[in-house]
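Undergrad: here's my sequence, what's the structure:
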Amino acid sequence: MANWLDAVNWDTYWLYVLAEVALSLSPGPAVMLVIACGLAFGARRSIHAALGILSANAIYFAISATALGALLVASKLVFVAMKWLGAAYLAYIGLSALFGRPSPISVARTDEVGGSPRAIYLSGLTLQLANPKTLVFFVSILPQFVDPKLPIGPQMAWLAAGSIVPEFFILGGYGYLASRAARLASDERFTRITERAAGVLVLGAAALVLTVP
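TA: Next up is the predicted model:
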């Protein structure tokens, strides 16, 4: 245990965690999707969206820890394709919710129609994979906090934990607050209002994905 505690530079590690917290708190596409799921399904279901988002973050973190990350960042074509495909998928989800059609965020009457944990998880995963800003962030910030004098493997494990753990609780908090707001009313008319609000939020997430330079 002592070796793991000595495997990271604690003087700079907390700065890294604070940067991650600030990024997670900002109202970006991930936050919008979690709020949409919290409004439509409640806090528990919104956790599945958060887990999808964090799974994508873990993938990007692993990529950024290798030379592949720099190659992907340098490829404009890959980034443009990721952005537009992801934004198109999000626009489809948002418009489906707005018009009351089955989608991963529409208030489903049965799990087969929409709103299943798997569908919500995949929405979060797709959203974050379509947001290459996450990869750019990891590729640009990780070298600033890696100490070459210390073991690389344990450092990466600490840095991954410093990214994923705080964001999990922050996204969970957003989902909980959204679910509390949704509990103010529970009739069918309010259900349609929250469904449309969720659709607008996801359309906003799609627009934000396209703003990545």
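Undergrad: can you give me the helices in the protein?
TA: 2-5, 10-25, 29-41, 43-64, 67-74, 76-98, 117-129, 133-145, 152-182, 188-210 (DSSP state H).
Undergrad: could you dump those to TSV with mean pLDDT and mean neighbour count?
TA: To be clear about C-beta, it is placed using only N, CA and C from the backbone, and glycine gets the same treatment. Formatted as TSV, the helices of the chain follow (pLDDT from 0 to 100; neighbours: other Cβ atoms under 10 Å):
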stretch	mean pLDDT	mean neighbour count
helix 2-5	61	9
helix 10-25	80	15
helix 29-41	84	29
helix 43-64	90	22
helix 67-74	59	14
helix 76-98	70	18
helix 117-129	87	22
helix 133-145	72	18
helix 152-182	86	18
helix 188-210	65	19
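Undergrad: spit out the contact partners of the residue nearest to Ala30 when sequence neighbours are not counted.
TA: Computed as Cβ to Cβ, 6 or more residues apart in numbering, the closest residue to Ala30 that is not its neighbour in sequence is Ile53, at 4.7 Å. Counting by Cβ atoms under 8 Å, 6 or more residues apart in numbering, Ile53 touches 30, 33-34, 124-125, 127-128, 167, 171.
Undergrad: please redo it, this time with the cut-off set to 7 Å
TA: 30, 124, 127-128, 171 (Cβ atoms under 7 Å, 6 or more residues apart in numbering).
Undergrad: pick out the most distant pair among those.
TA: Greatest spatial distance in the contacts of Ile53: Leu127 and Leu171, 11.7 Å, computed using Cβ to Cβ.
Undergrad: quickly list what's touching both of these two.
TA: Common neighbours of Leu127 and Leu171 (Cβ under 7 Å, 6+ apart) are 30, 53.
Undergrad: which of the contacts of Ile53 lies closest to Phe41?
TA: Gly124 (12.6 Å).
Undergrad: hmm, Ala36 and that closest one touching each other?
TA: No - contact criterion Cβ atoms under 7 Å: Gly124 and Ala36 do not qualify, at 10.5 Å.
Undergrad: report the separation between the residue nearest to Phe137 when sequence neighbours are not counted and Gln144.
TA: Ranked by Cβ to Cβ, 6+ apart and with sequence neighbours excluded, the top spatial neighbour of Phe137 is Leu23, at 6.8 Å. Distance check for Leu23 against Gln144: by Cβ to Cβ, to the nearest Å, it reads 14 Å.
Undergrad: now swap in Gly199 and tell me
TA: Taking Cβ to Cβ, one finds Gly199 at 39 Å from Gln144.
Undergrad: then Leu18?
TA: 13 Å.
Undergrad: for Val31, same thing?
TA: With Cβ to Cβ as the criterion, Val31 and Gln144 are 24 Å apart.
Undergrad: format the contacts of Ile53 as CSV; extra columns: distance to Ala58.
TA: Output for those, formatted as CSV (distance: Cβ to Cβ, whole Å):
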residue, distance to Ala58
Ala30, 14
Gly124, 12
Leu127, 15
Gln128, 10
Leu171, 14
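Undergrad: among those, which one lies nearest to Phe61?
TA: Gln128 (11.3 Å).
Undergrad: return the residues in contact with the residue lying closest to that closest one once chain neighbours are set aside.
TA: For Gln128, ignoring the flanking residues on the chain, the nearest one in space by Cβ to Cβ, 6+ apart is Ala56 at 3.3 Å. Ala56 makes contact with 125, 128-129, according to Cβ under 7 Å, 6+ apart.
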